[in-house]
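Visitor: When you get a sec, could you give me coordinates for this:
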Amino acid sequence: MNSRSFVENIIKKSKNMKQLFICMLCLTIGNYTVHAQKDSKTFNFKKGEVLDFILLTMKPNSSALFEKYREVIYPIGFEFGYEPQQGFRTKELILGNHLPSVFVFGKWPSKEKRHGFLETIVSRVPDFHQRRRDLFSYFTFAFFEIQENKTISLQKNKVNSITAFWKTDKQDIEKFVSKWKEQAKISGGSSIVQLQNGYSPAGYNYNPDILIITEWENETAFSKFTEKHPLSFYKELKNVHQFVIE
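Guide: Numbers count the residues shown, from 1 in each chain. Below is the predicted model:
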């Protein structure tokens with residue numbers, strides 16, 4: 001059985017959302033490998049591939065709707081090379097005004113394929129966006145073209161935070177983020193990945209200028225950092241969104 005058939009078979013056997021979430025966390029597809037080891041989850045992306053950064057909250061009692069959604073939408077995604085990736089439940093909102101339930105990676109073979117899906121899906125499924133609104137109370141995303149071969153490894157015994165930065169017109173975002181990363185390192189934080197130059201299609205406006213996943217030694221180290229860097233620290237920015245994943 002090839003990788004795409006394997007994914008489709010797994011999804012068809014998922015009778016409810018809990019099963020589906022577990023299955024999606026356990027997929028190993030093609031050139032992408034998830035090491036579902038006891039202490040880490042590792043993602044491999046090649047230069048030129050596209051990483052989806054998705055935040056979502058599913059509506060209650062929506063299993064039947066999701067069945068219909070995946071039967072129609074997923075096969076079209078697979079036509080364009082889409083590879084589902086592991087998801088993470090969110091834990092705590094630090095900065096910003098919304099905490100989605102789940103954070104998910106997605107993977108596409110190229111930027112052209114990613115845009116091709118967006119251009120095709122509505123013509124083949126005219127009510128595509130309405131289906132999403134019916135299924136999710138919150139769904140937003142950005143995608144990023146990978147500039148060099150990249151491995152993203154998240155340690156389960158560490159604290160992992162996600163921070164999204166939006167600059168003002170006059171702000172030198174690179175300078176600000178460089179200072180932020182220096183302060184994080186002093187406090188025991190290590191940048192796992194930095195994403196920028198992303199794209200969010202109309203209706204899914206979540207496209208920060210820079211997005212960083214940071215690993216912290218423990219809760220204490222992260223708490224000390226957030227205490228030293230409250231919302232006022234980011235006043236030079238247009239917006240900031242920060243949360244912790246499980």
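Visitor: When you work out contacts or count neighbours from here on, use the C-alpha atoms and nothing else.
Guide: Will do.
Visitor: The chain: strands as residue ranges?
Guide: Taking DSSP state E as the criterion, the chain carries its strands at 40-45, 50-58, 83-95, 102-108, 136-145, 150-155, 159-166, 189-196, 210-216, 239-245.
Visitor: Distance to residue 178, mean pLDDT and mean neighbour count added to those strands, as a markdown table?
Guide: Written out in a markdown table, the entries for the strands of the chain read as follows (distance: least, Cα to Cα, whole Å; pLDDT from 0 to 100; neighbours: other Cα atoms under 10 Å):
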| stretch | distance to residue 178 | mean pLDDT | mean neighbour count |
| --- | --- | --- | --- |
| strand 40-45 | 24 | 92 | 17 |
| strand 50-58 | 22 | 97 | 21 |
| strand 83-95 | 19 | 94 | 18 |
| strand 102-108 | 25 | 96 | 20 |
| strand 136-145 | 20 | 97 | 20 |
| strand 150-155 | 20 | 94 | 15 |
| strand 159-166 | 12 | 97 | 22 |
| strand 189-196 | 11 | 96 | 17 |
| strand 210-216 | 11 | 98 | 22 |
| strand 239-245 | 15 | 96 | 19 |
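Visitor: Hmm, residue 131 is touching residue 68, no?
Guide: No: between residue 131 and residue 68 there is no contact under Cα atoms under 8 Å: 9.2 Å.
Visitor: the more surrounded of the two?
Guide: Per other Cα atoms under 10 Å, whichever of residue 131 and residue 68 has more neighbours is residue 131, with 16 against 11.
Visitor: how about the nearest residue to the more buried one, chain neighbours excluded?
Guide: Spatial nearest neighbour of residue 131, excluding adjacent residues (Cα to Cα, 6 or more residues apart in numbering): residue 69 at 7.0 Å.
Visitor: Give the other helices and strands that the longest helix anywhere in the chain contacts.
Guide: Using DSSP state H to assign secondary structure, the helix with the most residues in the chain is helix 63-79. Applying 3 or more Cα pairs under 8 Å, 6 or more residues apart in numbering; DSSP states H and E, one finds that helix 63-79 makes contact with helix 111-124, helix 128-135.
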